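Chemist: Predicted model and sequence below, questions to follow.
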Amino acid sequence: MKVFVAGASGAIGKPLVKALVAAGHQVVGMATKAAGIDALRNQGAQGVLLNVLDAGAVAREIEGIRPDAVIDELTSLPSRYTPEEMRAAGPRDRQVRLEGGGNLFHAAATFGIRRYVMQSTGFFYAAGKGLASETEPLAHSATPGVAAAVATYTTIEDRLFSAPSLEGIALRYGFFYGPRTYYDPESGSVAQQVREGQYPVVEPGTGVSSFIHVEDAAAATVAALEVSPGVYNVVDDNPAPLSVWLPAFARYLGAPEPPRVTAEEAARQNGPDAVYYALQLRGASNAKAKKVFQFAPRPLEWLAA
């Protein structure tokens with residue numbers, strides 16, 4: 001299958017291209033710099049320089065390439081994960097996902113591309129009992145930053161399923177961990193904050209986080225080229241509350257025990273979204289992916305250590 005990957009140089013892009021090539025697919029990856037083209041060639045893929053915000057250029061590339069499938073992994077996130085940097089990156093990230101992703105989607109629909117696979121969220125489900133399935137609502141009434149992110153994801157999911165000619169797949173990934181992610185023990189900014197005692201447990205730490213290793217996310221994305229259209233949670237088997245996973249991550253890193261702060265202190269320091277993450281996140285169930293395409297993610301490394 002000929003597959004076009006947008007976001008081929010992101011945290012999931014590199015392992016995804018590797019997995020697609022290993023599976024025998026012909027891969028064309030989008031890059032924004034010449035170095036990205038070289039990296040794709042070194043992986044056995046083709047590369048095209050493309051500004052995804054240029055609708056005409058996107059249309060010309062998709063028309064010329066005529067892939068069997070498009071995989072949209074478009075983001076514009078900062079290299080460091082801090083509340084301030086995430087807030088600053090928000091407008092650009094939304095533009096890339098909405099406008100840039102829209103250009104890619106409309107080109108795919110216009111030129112008869114069969115399958116469209118898209119990155120979505122598996123960690124912004126509305127409150128409820130137990131782990132959330134794909135049929136449950138997202139957190140539209142959350143704190144401002146989270147609600148804005150949910151609005152973005154809802155818009156791109158609605159767009160995905162608006163074209164009857166496309167076989168749409170929305171992959172609701174958990175928080176990425178592994179190489180080149182915020183949780184990379186060697187270079188990740190969250191790992192560094194934990195080492196420096198700058199990533200606290202907000203008491204009582206009840207927010208449940210769903211993680212996924214980028215290589216497992218890549219494997220699920222390759223599988224999505226063949227499965228029934230729809231929405232799939234791509235998360236680990238046992239989402240854990242902050243009070244459990246963060247101290248375990250610190251031990252895994254050989255870092256000090258994380259400090260503990262109140263919700264009021266966290267709100268003053270980092271804003272209401274940080275408190276939402278710490279106290280109100282709801283874990284997601286991967287039962288559908290396990291049933292449909294035998295999804296088998298590894299245990300979260302620092303809980304399994």
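Modeler: Sure, I can see it.
Chemist: Could you grab the helix/strand/coil label for Val231?
Modeler: Val231 carries the three-state label strand when classified by DSSP: H, G, I helix; E, B strand; the rest coil.
Chemist: All the helices of the stretch 1-150 of the chain, residue numbers only.
Modeler: In the stretch 1-150 of the chain, the helices defined using DSSP state H, counting those that start in this stretch lie at 13-22, 34-42, 55-65, 83-95, 101-110, 144-160.
Chemist: And the last one, what does it pack against?
Modeler: Right, helix 144-160. In terms of contacts (3 or more C-beta pairs under 8 Å, 6 or more residues apart in numbering; DSSP states H and E), helix 144-160 is packed against helix 83-95, helix 101-110, strand 115-121, strand 167-173, helix 272-279. Quick note: C-beta positions are derived from backbone N, CA and C, even for glycine.
Chemist: Between the ones you listed, which one is closest to Val17.
Modeler: When those are ranked by distance to Val17, counting by C-beta to C-beta, first place goes to strand 115-121 at 13.6 Å.
Chemist: Next, the angle from the closest one to helix 13-22.
Modeler: For strand 115-121 and helix 13-22, the angle between their directions (axes from the mean of the first three to the mean of the last three C-alpha atoms, to 10 degrees) works out to 150 degrees.
Chemist: need the contact list for Pro15.
Modeler: Under the criterion of C-beta atoms under 8 Å, 6 or more residues apart in numbering, the neighbours of Pro15 are 178-179, 214-215, 217-218.
Chemist: do that again at 7 Å, thanks
Modeler: With contact taken as C-beta atoms under 7 Å, 6 or more residues apart in numbering, Pro15 is in contact with 214-215, 218.
Chemist: Asp184: which of the helices of the stretch 1-150 of the chain is closest?
Modeler: Counting by C-beta to C-beta, and looking across all of the helices of the stretch 1-150 of the chain, nearest comes helix 13-22 at 12.5 Å.
Chemist: Point out where the stretch 101-250 of the chain drops to low pLDDT.
Modeler: Scanning the stretch 101-250 of the chain for pLDDT under 70 picks out no residues.
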